[in-house]
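K.L.:
below are the sequence and a predicted model; questions follow.
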Amino acid sequence: MSEIQTLGQFIAANEKDFPGGRLEFASVLSSIRLAAKIVNKEVNKAGITKDIIGSTSSENIQGEVQQKLDVFADNSYIAAMKYNGDVAGVASEENETFVEFDTEAAKKAKYLLVMDPLDGSSNISVNVSTGTIFAIYRRISPIGSPLTNEDFLQGGNAQLAAGYVVYGSSTMLVYTTGNGLHGFTFDPAIGVFFLSHPNMQSPADGCIYSVNEGNYLYFPEGVKRYLKYCQEYDKSSCRPYTARYIGSLVADFHRNLIKGGIYIYPTSKTYPNGKLRLLYECYPLAFMIEQANGKASDGKTRIMDLPITELHERAPLVIGSTKMVVKAEEFMRIYW
Ligand code: AHM
Ligand code: MG
């Protein structure tokens with residue numbers, strides 16, 4: 001029989017160096033895993049549950065119509081964290097301010113979670129993959145005092161762990177604590193995540209580019225020129241590249257991570273600072289791609305080094321295979 005290892009067993013064997021100890025990381029991740037299972041179950045039955053599918057009338061603080069499952073996922077992850085005991089609070093795409101837990105254990109807790117609970121949720125109604133993105137930080141405000149925005153705005157390099165769950169043709173949880181990037185596939189029959197992708201590596205180069213090219217007109221000149229470069233013929237670099245864009249960041253990222261490729265969400269006239277959120281989309285994916293020997297940039301600067309001043313701050317994102325990101329940056333530096 002071939003070897004099998006569960007997510008819990010993998011953590012027990014590999015996360016001894018987590019600041020605060022393996023047990024604390026195992027504790028935080030166990031709540032993420034629980035919420036992932038709950039959300040996975042709901043996402044999978046969205047098509048057969050009339051009152052779950054579709055939009056609520058409310059908009060989130062960024063003016064985007066919330067899907068009901070966005071709210072469900074947000075509530076599920078926050079509920080799973082509330083009684084975790086090691087997590088003091090959560091900042092989420094769906095909430096304007098962070099949530100601070102008031103249980104006695106949470107008041108003494110050392111860790112914080114940031115998350116996009118259901119990324120790509122507009123794809124739910126058409127049966128396309130979605131995801132959850134998260135990162136774990138250590139709180140910097142003294143235990144016993146209220147959490148502050150600064151606890152959450154420490155910057156990408158302060159992330160202790162980052163991960164995503166992709167709800168796709170199979171559901172996977174992928175995470176890093178700075179010790180490589182590891183992927184686990186969910187077996188829905190027994191409710192267990194098994195190690196399926198140890199030590200994931202982003203191919204150094206690739207043949208896929210992922211961008212919403214419908215917005216071409218509004219892109220900066222450097223991005224336009226790089227896209228033309230992607231479409232030119234050059235056999236040695238497998239150009240013209242193949243265009244693949246799902247419109248679910250996690251799913252696009254996951255595919256490019258495995259196959260080799262580049263994902264770009266640049267600034268544009270519609271989104272002068274980019275669309276994606278630095279805290280719970282760009283930073284975590286940047287941490288992960290670097291752990292897989294890939295690269296993440298805003299076109300000029302390493303994403304992990306970008307400063308952050310607001311919870312819902314946006315940033316442009318260029319992420320994926322190192323050689324492709326370096327090439328895109330060349331164009332974006334010259335024609336910014
Ligand atoms: P969301 O967090 O509100 O779902 O928005 C993020 C999503 C990403 O998943 C995806 O890559 C991008 O927005 C798609 O945007 P667009 O439709 O402008 O291409
Ligand atoms: Mg999102």
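P.N.:
Looks like it came in fine. Ligands and ions are numbered 1, 2, ... in the order given.
K.L.:
in which helix or strand would I find residue 162?
P.N.:
Remark: residue 162 resides in strand 161-167, with elements defined by DSSP states H and E.
K.L.:
gap between the residue nearest to residue 221 when sequence neighbours are not counted and ligand 1?
P.N.:
What sits nearest to residue 221 in space, not counting adjacent residues and going by CB to CB, 6 or more residues apart in numbering, is residue 335, at 3.9 Å. Backbone N, C-alpha and C define where each C-beta goes, glycine included. Separation of residue 335 from ligand 1 (CB to the nearest ligand atom, to the nearest Å): 22 Å.
K.L.:
count of residues packed around residue 335?
P.N.:
When neighbours are defined as other CB atoms under 10 Å, residue 335 has 13 of them.
K.L.:
Provide a list of residues in contact with it.
P.N.:
220-222, 224-225 (CB atoms under 8 Å, 6 or more residues apart in numbering).
K.L.:
also residue 181?
P.N.:
174-175, 199-200, 288, 291-292.
K.L.:
repeat that for 6 Å
P.N.:
Applying CB atoms under 6 Å, 6 or more residues apart in numbering to residue 181 gives the contacts 200, 288, 291-292.
K.L.:
from ligand 2, how far out is it?
P.N.:
20 Å (CB to the ion, to the nearest Å).
K.L.:
if we can go back for a sec, after the strand holding residue 162, next one along is what?
P.N.:
Taking DSSP H and E, what comes next after strand 161-167 is strand 171-176.
K.L.:
by neighbour count, which of the contacts of residue 335 wins?
P.N.:
For the contacts of residue 335, the largest neighbour count, defined by other CB under 10 Å, is 20 neighbours, found at residue 222.
K.L.:
wait, a strand at that residue?
P.N.:
No: secondary structure of residue 222 (DSSP: H, G, I helix; E, B strand; the rest coil): helix, not part of a strand.
K.L.:
pLDDT at it, what is it?
P.N.:
Per-residue confidence (pLDDT) for residue 222: 97.
K.L.:
shouldn't it be in contact with residue 331?
P.N.:
Yes: between residue 222 and residue 331 there is a contact under CB atoms under 6 Å: 4.5 Å.
K.L.:
tell me the secondary structure for residue 311?
P.N.:
The assignment at residue 311 comes out as coil when based on three-state DSSP.
K.L.:
phi, psi for residue 318 please.
P.N.:
Backbone torsions of residue 318, given as degrees, to the nearest 10, read phi -130, psi 110.
K.L.:
isn't it right next to residue 296, touching?
P.N.:
No: counting by CB under 6 Å, residue 318 does not reach residue 296; the two are 7.1 Å apart.
K.L.:
partner residues bridging whatever residue of the stretch 101-250 of the chain ends up closest to ligand 2?
P.N.:
Per CB to the ion, residue 119 is where the stretch 101-250 of the chain lies closest to ligand 2, at 3.5 Å. Beta-bridge pairing for residue 119 (DSSP bridges): residue 131.
K.L.:
where does the stretch 151-300 of the chain dip in pLDDT?
P.N.:
For the stretch 151-300 of the chain, no stretch is flagged by pLDDT under 70.
K.L.:
residue boundaries of the helices in it?
P.N.:
Under the criterion DSSP state H, counting those that start in this stretch, helices of the stretch 151-300 of the chain are mapped to 221-231, 249-259, 283-291.
K.L.:
now do the second one: which elements does it pack against?
P.N.:
It stands for helix 249-259. Packing partners of helix 249-259 (3 or more CB pairs under 6 Å, 6 or more residues apart in numbering; DSSP states H and E): strand 161-167, strand 261-265.
K.L.:
could the ones you listed be laid out in CSV, adding distance to ligand 1 and mean neighbour count?
P.N.:
Shown next, in CSV, are these (distance: least, CB to the nearest ligand atom, whole Å; neighbours: other CB atoms under 10 Å):
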stretch, distance to ligand 1, mean neighbour count
strand 161-167, 11, 28
strand 261-265, 6, 26
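K.L.:
as JSON lines, those strands with distance to ligand 2 would be great.
P.N.:
As requested, those are arranged in JSON lines below (distance: least, CB to the ion, whole Å):
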{"stretch": "strand 161-167", "distance to ligand 2": "11"}
{"stretch": "strand 261-265", "distance to ligand 2": "10"}
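K.L.:
residue 15 is nearest to which of these?
P.N.:
strand 161-167 (8.9 Å; CB to CB).
K.L.:
so in that sheet, which strands flank the closest one, and in what orientation?
P.N.:
Strand 161-167 pairs in its sheet with strand 130-138 (antiparallel), strand 171-176 (antiparallel), by DSSP bridges.
K.L.:
and the gap between the nearest residue to residue 149 once chain neighbours are set aside and ligand 1?
P.N.:
Once flanking residues are discounted, residue 149 sits nearest to residue 311: 6.6 Å by CB to CB, 6+ apart. Applying CB to the nearest ligand atom, the value for residue 311 to ligand 1 is 14 Å.
K.L.:
quick check: residue 311 touching residue 90?
P.N.:
No: assessed by CB under 6 Å, residue 311 is found out of contact with residue 90, at 11.1 Å.
K.L.:
list the contacts of the spatially most central residue of the chain.
P.N.:
Nearest to the mean C-alpha position of the chain, by CA atoms, centre = their mean, lies residue 133 at 3.3 Å. Each residue near residue 133 by CB under 6 Å, 6+ apart is listed here: 116, 119, 164, 280-281, 284.
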